[in-house]
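Engineer: Need a 3D model of the sequence below.
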Amino acid sequence: MTKHPGFFEGTEMPTAGWWEALWPDPAAILARVGVAAGASVVDLCAGDGWFTLPIARIAARVVAVDIDPEMLRVSDVRLREADLANVAFVAGDAYDIASLVREPVDLVFLANAFHGVPDKTRLARGVAQVLKPGGRFAVVNWHASPREETPVLGLPRGPRTDLRIAPQATVDAVTPSGLAFERLIDLPPYHYAAVFKKTA
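Structural biologist: Numbers count the residues shown, from 1 in each chain. Here you go, the predicted structure:
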């Protein structure tokens, strides 16, 4: 995969096979973090669309944002093969979400990328700008376990140990943006989701 300027560290798409082994039911993850029928959702750092497709099956309107246009092309093919046409694909830097997403949304979903963001509060401030009042920001992270303790298909997987962040560190990074911490969800075997709400 081509590395683009601004590419977040340790957020490459996984090799074929182990993503499915780790997330065999992405729709269940989405339901737990609050993706609802009729909602408008941004899949931020969407990659090749592993979560974009099930989001599109639930939500009314989806914007998939990624810095890598090739990943978005792969996702576009996946969505067209599934006869889903409610997704807009936008190539750009996640920090620029407020200019990339033109209409307020109900939820911004970010999976397996927050650990690599150099300025996490800056990203959260951008997310806050695109959320409707009462909208939510759902951040799915690897638990801060040593990489050798998170095997998938028999091999250590996920970001480097030093990049992983505990739930409280995620909360501490996001709340200065003005988003209020709402709840923490355990996502076995190796992840958690922190959900934040725009209260004003």
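Engineer: Leu72 sits in which helix or strand?
Structural biologist: Assigned by DSSP states H and E, Leu72 belongs to helix 69-81.
Engineer: what sits up against that helix?
Structural biologist: Helix 69-81 is contacted from outside by 1-2, 13, 46-49, 52-53, 56, 64, 66, 85, 87, 89-91, using Cβ atoms under 8 Å, 6 or more residues apart in numbering. C-betas here are computed from N, CA, C, even on glycine.
Engineer: Using PDB, list the CA coordinates for it.
Structural biologist: Taking Å, rounded to 0.1, in the frame of the first residue of the first chain, the C-alpha atoms of helix 69-81 are listed here in PDB:
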ATOM      1  CA  PRO A  69      -7.700   6.800  -2.800                       C
ATOM      2  CA  GLU A  70      -6.800   3.200  -3.700                       C
ATOM      3  CA  MET A  71      -8.300   1.900  -0.500                       C
ATOM      4  CA  LEU A  72     -11.500   3.900  -1.300                       C
ATOM      5  CA  ARG A  73     -11.600   2.400  -4.800                       C
ATOM      6  CA  VAL A  74     -11.500  -1.100  -3.300                       C
ATOM      7  CA  SER A  75     -14.300  -0.200  -0.900                       C
ATOM      8  CA  ASP A  76     -16.300   1.300  -3.800                       C
ATOM      9  CA  VAL A  77     -16.100  -2.000  -5.600                       C
ATOM     10  CA  ARG A  78     -17.200  -3.900  -2.500                       C
ATOM     11  CA  LEU A  79     -20.200  -1.600  -2.100                       C
ATOM     12  CA  ARG A  80     -21.200  -1.800  -5.700                       C
ATOM     13  CA  GLU A  81     -21.000  -5.500  -5.700                       C
END
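Engineer: where does the chain have low pLDDT?
Structural biologist: Applying pLDDT under 70 to the chain picks out residues 1-16.
Engineer: which strand of this structure spans the most residues?
Structural biologist: Secondary structure of the chain per DSSP state E: the longest strand is strand 131-142.
Engineer: quick one, strands of this protein?
Structural biologist: Assigned by DSSP E, the chain shows strands spanning 40-44, 61-66, 87-91, 105-111, 131-142, 151-152, 155-156, 180-187, 191-197.
Engineer: Listing partners with orientation, what would you give for the second one?
Structural biologist: Taking DSSP bridges as the criterion, strand 61-66 forms sheet pairs with strand 40-44 (parallel), strand 87-91 (parallel).
Engineer: Tell me who's in contact with Val63.
Structural biologist: Contact partners of Val63, counting by Cβ under 8 Å, 6+ apart, are 40-43, 87-88, 90, 100-101, 105.
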